[in-house]
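In: heads up, no residue letters with this:
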């Protein structure tokens, strides 16, 4: 599993493209109009919500007057990285995929929880909490959610592990999830 997160790369690329546009003294709506794009397309690129195509980035750099070959090549590499799929995108119906993408690249995290955080849940605890909190799941969904939750834990054992500071409500430890065997 790679630690390179396309979510982070998309956001970084978007921020860099926006900074270049602003240095070119162009407003977003003007840049979009000149490229015959909707302003929402440019906004989604600049906020990192979507990964632009290489052709989109080339068009933006041409419009903004970026001639420096080295800079264009750097942004081309970042564009390719931003378009890659993260391991979590192999699963369907994962509602917090952006969060997982940010978590995959983070070096530290601070969290406040009323339940044991997913990164610290055992398999049995995760199964019990899924059954208790998400009624009506298909047969595959709980299995996928469990697999994603357990795969996320790899950030804790990678060469430069994620440093997590978690503040837990006392009830998180006292609330019975799945029975006393699971809580143990």
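Out: Thanks, I have the structure now. Since the model is a prediction, treat every value here as computed from it, not as a measurement.
In: and the helix or strand of the chain with the lowest mean pLDDT, what other elements does it pack with?
Out: The least trusted helix or strand in the chain, going by mean pLDDT, DSSP states H and E, turns out to be helix 140-152, with a mean of 77. Where contact means 3 or more CB pairs under 8 Å, 6 or more residues apart in numbering; DSSP states H and E, helix 140-152 is packed against helix 97-105, helix 123-133. (Glycine included, C-beta is placed from N, CA and C.)
In: so where's the longest helix in this structure?
Out: Counting residues, the longest helix found in the chain (DSSP state H) is helix 6-23.
In: and that one, how far out from the chain's middle?
Out: Relative to its chain's centre, helix 6-23 lies at 15 Å (CA atoms, centre = their mean, to the nearest Å).
In: again with stretch 37-57
Out: On the basis of CA atoms, centre = their mean, stretch 37-57 sits 17 Å off its chain's mean C-alpha point.
In: mind checking how far the nearest residue to residue 121 once chain neighbours are set aside is from residue 164?
Out: Of all residues not flanking residue 121 in the chain, residue 149 sits nearest, at 6.3 Å (CB to CB, 6 or more residues apart in numbering). Separation of residue 149 from residue 164 (CB to CB, to the nearest Å): 15 Å.
In: Neighbour count for the two, which is higher?
Out: A side-by-side neighbour count of residue 149 and residue 164, using other CB atoms under 10 Å, places residue 149 first with 20 against 16.
In: Not counting sequence-adjacent ones, nearest residue to residue 12?
Out: Nearest to residue 12 is residue 78, by CB to CB, 6+ apart, at 6.6 Å.
In: what number of residues lie near that neighbour?
Out: Using other CB under 10 Å, residue 78 has 17 neighbouring residues.
In: secondary structure element for it?
Out: Element membership for residue 78, per DSSP states H and E: helix 69-82.
In: orientation of that helix relative to helix 6-23 in degrees?
Out: Here helix 69-82 points in a direction 140 degrees away from that of helix 6-23 (axes from the mean of the first three to the mean of the last three CA atoms, to 10 degrees).
In: How far off centre is helix 69-82?
Out: 20 Å.
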